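Asker: Just to be clear, the model below is a prediction. Sequence and coordinates:
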Amino acid sequence: MFLIVVFLLSLTLINGVQTASCAFYCFVSPALKETFDIRSYRNLSCTHFVYGFSRIRPDMTLHGVTARDNMDVMKPGNLRKFLGFRSTHVNSTLLLGVYFSERDVIRDIRHIRRTAKHLVDVVEQKHLDGLFIRIDGPILESTISQHFLSAVSMAPSKPSFKTTLAISPRWMWRIGDRLNDLVDYVDHIYIAMEELPVWTFLSNYTQKLNNFYKVSFNSFAASAVVLQGKNNWTSANFPKEQSLGKKIHWINQQGLGGVGLSSLQLDDPSDSCGLGQYPSHMMIGKVLKCRTRDHHRQSLAQCTRLCYLDKGAEKFDPWSLQPFWCSHLVIGPVDIQLTDAIEVSVPVRNLISRVNDWMQKSDNNKAKIVLSIGAQQTNDIWRMELSIPIKRMNLINNIKNTVRSMNASGVEISWTFEPLGSVMDTSLLSQFLVDLRAVLPQAIQVFLSIDPNSNNNELYDRSVISSTTDLIILQTHRLHSSREAFSGHHSPMFAGPAIQDSRMTVESFVRSWIYRGVPREKLVVSVTSVPTSVTLKQELSSTDKVFGIPVIPNPLTLGNHILSQTEICEEVKNNNSRVHWIEESGVPVLFHGSVFVAFDNEKSAKIKATWTSLNNLAGVAIHGLPQDNPNADCPDRPFPILQSIVDTQVCTLCAVMSQSKCSSSFQIVCNYRLPAFDEAQRLDASKIPFELCTEVVVEHGVIDANATVRFPSEEQRYVAKQLSGFRSNMKNMVISLRCGMEKGEFVEFMLSRESKNDRKPFALTNVKRRSGKDLDHFIKIFCLYFSFSAWHSNLRANYDITLLNSLHHVVLEPFSVPLLSDGAAVHSPLFSVGITNKSTTSIDSTIRDWERSGLMPSKILLQVPSYGMEQSLLNWTDIGIGRPTEKEYAVIGQAEKKVEKNACGEKEDWKRTIRLLINGFVLDFAYKRRSFHMRYALREGLAGVGLMSLNEDDHMGVCGSGVFPILRSISVRCH
């Protein structure tokens, strides 16, 4: 009996813990009276071997897997031979497979514990490493399964004891909401996919396959081949790249925990098919790549991201991309001929065909194809084609026909191989764009790439370009060339003292178009994954100066030394290399001997994406996609530049407001702190801008050990009562309660019989009864919220996630203290970036951890601080993230900043703004940053945003931006 197909069993790490390795499960399942030979498995790369499956008898003993499981050293049976993997696969894990079916009955907790202990004892006696437990049936839906796995995890065993839980797809769908309860007790959740469909294999047809069967169709979506005979058909996954290989690549791309195959014995061990022994296992061993997966959430709305597949990308595999990463795929080069023809080379046509195939066959793929035209043409060709009207119109008609034949959605005009030479070139380009726009259908988009040197020479008619194009791609990745005689960076974000030409920065390039009236929503910033390498004329002993150093221009050398992000990653690990981060310009460089390398990394890409979003620009263009580590070789994350942009970029979105029982679908929550009697700049309740809030949270009441709610002072109780007169002005009013009990009092309260009888939940019914009428003006419809500090990233350690998901909202409050106790840090940064080789906690990383734990994003309400934190630098000249500060810090509001610093948040420069969002500085106020938080919440599908609090949001208008400037910036419906 020979195996044609074994169906893939995929494994996923649900608990979200990142690991540098993934698992390859191999199953040793001999027949009842069979004895297997371990020698044939020596070349397999399995990380886990499972022997089984065994069944549990009513007396809790185990059935043998085979009749020859004896452990006798003199006459070794299958189990003794199985232990032989200790010598052939030293680092592999050996598990005993145990199967629980629907007919197996576990009666009570005592029975559960005895069964679990017996199983663990058997594993220890057999010198195995753990259990592979397969459970089917209603037991998965009950708490019995959780108690059983908990008992296994707590049974006395060696610390390295491993447990894997296997579940079939039919039960996976039914218990999906309980997986987070089970995952705490196991190392892996194994999805046994053989039921999709029932796995089959052919018998005695292996040698005659070509005579009796033919390929009926190839299902790309399923990566399966259907073999059709006279009276039957078989769905198969062959150990080929287009079948089994596609599934393994998909698993690699998804960052799952690993894979497994159902049986070694059924994977052609005798090489009857001529593909070698165990062909499927051998293929997985070669193709499976283990890497860490970042928790990436698919955007609810796709921002504009232009992914370039131009020169050198002809063999690029689009299946390595996620569908939502790129809004447009700009493909080229498409060349202009002197005959007015448009030439699309065969490799480019093949690439377009593969991209079209990928777009059609991948789910929810909304990407569009754009043809890049003219990027390799010299000025002479452009002039000859555009200067004669009849040739220009012939060229335009040929472009139209090519767009139609290639099924493209747009064209990118790229007269950028050489800078424009004169105002005559300006006139030719402008007339060409006018005629092109008139001829092409309106549905076809027209993009124009802008050369930085031509821009500096003022050779673009911005008025014509703005009226004839849909997007303007500023080539901000070509601001310095390896052909120049001095060192520089091809894409510095900001000007610094070392930049030779202050116009050659991303910020200056973009500003030159905005200041001349070009709409922001048409401008695209370019980033490239391709480094720029040059050879220094003299090796440097220090990195005090990195720009303006004499170099040997590339035309006089053999070209770039380092060509990709993969090579950059490998070079960074080299002890002989030095990486230098240029704070003023927001970019990194690398020195290796006499080699100088300018490049973008994840940090600089995030800075550019954030700055683009803050400035409300159209989007980002990513060049050099094939050089962006597509195979996750180094680092173990594919497309690090592209993914950094995807993670950080936010685009214009609109909040949908539809009132429900407790809240609108997207909330703008205003926190109002009950003011103390002698509080300076106190905010009177009558001044609250109720019209801008979907909800007002009143801070704070205190609940004591008698389940009584009180307010800290009589003045605050009076203000709270006064708020009841404004109920008609607001949609919801919520009281925020703090615990006024000592730890011992709280424990006694929670365990008391009276509180158990009255608590519904958190004793709110009891609170209402004992507090008289104090809360009557708050409690109309009971809606329960729970707040956590952003420091509290590990929810599962202390809380029931199912219960949290049942609440109306879980509030994420800002960090209450600086991230660095004795170093300069940003207050509640949205994104985290490594500081001195460490990654700081951020709002985004906490939300990712919460989602990994199983908390639904739609339950998370993001609180935005209206206050800032001030730290004092030990040395006022030593400025930067992580630089030494005093341990003491101060919390100050908007108006206080005006008084103390004589400046308000809106006047901060952009370099400071970006650092605050990405890697921080000391103070944090700018209103545009708060709008960025709003768009982030919309992008991630969160419940809403809240302002913490109104009292610190310049309610007196001291800063000159009107009253409540931050609230007004986040309350706009569209961002």
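Answerer: That came through fine.

Asker: tell me the domain boundaries of this protein?
Answerer: Each domain of the chain is listed here as a residue range: 8-287, 304-528+601-648, 662-782, 784-975, per automatic domain parsing.

Asker: Kindly reformat the ones you listed as a markdown table containing distance to Asp544.
Answerer: (C-beta placed from N, C-alpha, C; glycine too.) Output for the domains of the chain, formatted as a markdown table (distance: least, C-beta to C-beta, whole Å):
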| stretch | distance to Asp544 |
| --- | --- |
| domain 8-287 | 36 |
| domain 304-528+601-648 | 10 |
| domain 662-782 | 47 |
| domain 784-975 | 15 |
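
Asker: can you list these in TSV and add mean neighbour count, distance to Gly548 and mean pLDDT?
Answerer: Below are the domains of the chain laid out as TSV (neighbours: other C-beta atoms under 10 Å; distance: least, C-beta to C-beta, whole Å; pLDDT from 0 to 100):
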stretch	mean neighbour count	distance to Gly548	mean pLDDT
domain 8-287	17	40	77
domain 304-528+601-648	19	5	94
domain 662-782	16	49	72
domain 784-975	19	20	71
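
Asker: helices and strands around the host helix or strand of Asp380, which ones?
Answerer: Using DSSP states H and E, Asp380 falls within helix 379-387. The contact analysis (3 or more C-beta pairs under 8 Å, 6 or more residues apart in numbering; DSSP states H and E) places helix 379-387 against strand 328-336, helix 389-405, helix 423-439.

Asker: How far off centre is it?
Answerer: The chain centre lies 45 Å from the centre of helix 379-387; the measure is C-alpha atoms, centre = their mean, to the nearest Å.

Asker: Then stretch 722-742?
Answerer: On C-alpha atoms, centre = their mean, the centre of stretch 722-742 falls 37 Å from that of its chain.

Asker: swap in stretch 302-311?
Answerer: In this view, stretch 302-311 has its centroid 18 Å away from the chain centroid, taken as C-alpha atoms, centre = their mean.

Asker: how long is stretch 286-303 end to end?
Answerer: End-to-end distance for stretch 286-303, by C-alpha to C-alpha, to the nearest Å: 36 Å.

Asker: whoops, I mixed them up, stretch 738-746
Answerer: Chord length of stretch 738-746, first to last residue, is 12 Å (C-alpha to C-alpha).

Asker: Tell me which residues are up against that stretch.
Answerer: Stretch 738-746 is contacted by residues His700, Gly701, Val702, Ile703, Asp704, Ala705, Arg710, Phe749 when judged by C-beta atoms under 8 Å, 6 or more residues apart in numbering.

Asker: Okay, and which of those residues map to strands?
Answerer: His700, Gly701, Val702, Ile703, Arg710 (DSSP state E).

Asker: could the residues you listed be laid out in TSV, adding distance to Ser665?
Answerer: Conversion of the ones in strands among the contacts of stretch 738-746 to TSV gives the following (distance: C-beta to C-beta, whole Å):
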residue	distance to Ser665
His700	27
Gly701	28
Val702	32
Ile703	30
Arg710	34
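
Asker: tell me which of those is nearest to Lys158?
Answerer: Ile703 (46.3 Å; C-beta to C-beta).

Asker: beta partners of the closest one?
Answerer: On the basis of DSSP bridges, Ile703 is bridged to Val709, Cys739.

Asker: And it, how far from Cys783?
Answerer: Noted for Ile703: a distance of 17 Å to Cys783, by C-beta to C-beta, to the nearest Å.

Asker: got a list of contacts for stretch 483-490?
Answerer: 477-481, 499-500, 504, 528, 532, 534, 536, 546-551, 553-555, 582, 585, 587, 589, 596, 598.

Asker: Distance from that stretch to the middle of the chain?
Answerer: For stretch 483-490, the distance to the chain centre is 34 Å (C-alpha atoms, centre = their mean).

Asker: i'd like the first residue to be 511 from this point on
Answerer: Right, with 511 as the first residue, what we last looked at is stretch 993-1000.

Asker: How far does it stretch from one end to the other?
Answerer: Stretch 993-1000: ends 11 Å apart by C-alpha to C-alpha.

Asker: can you check stretch 914-934 too?
Answerer: 31 Å.

Asker: Mind jotting down where the strands sit in the stretch 1211-1360 of the chain?
Answerer: 1219-1220, 1243-1249, 1295-1299, 1319-1323, 1344-1345, 1348-1349 (DSSP state E, counting those that start in this stretch).

Asker: which one of those lies closest to Asn1126?
Answerer: Here strand 1319-1323 is closest among the strands of the stretch 1211-1360 of the chain (C-beta to C-beta), at 25.3 Å.

Asker: which helices and strands sit right next to that closest one?
Answerer: strand 1295-1299, helix 1353-1362, strand 1370-1375, strand 1454-1458.

Asker: Which elements pack onto the third one?
Answerer: It stands for strand 1370-1375. strand 1177-1183, strand 1319-1323, helix 1353-1362, helix 1437-1450, strand 1454-1458.

Asker: so which of those comes closest to Ala851?
Answerer: Nearest to Ala851 among the helices and strands packed on strand 1370-1375 is helix 1437-1450; the distance by C-beta to C-beta comes to 43.6 Å.
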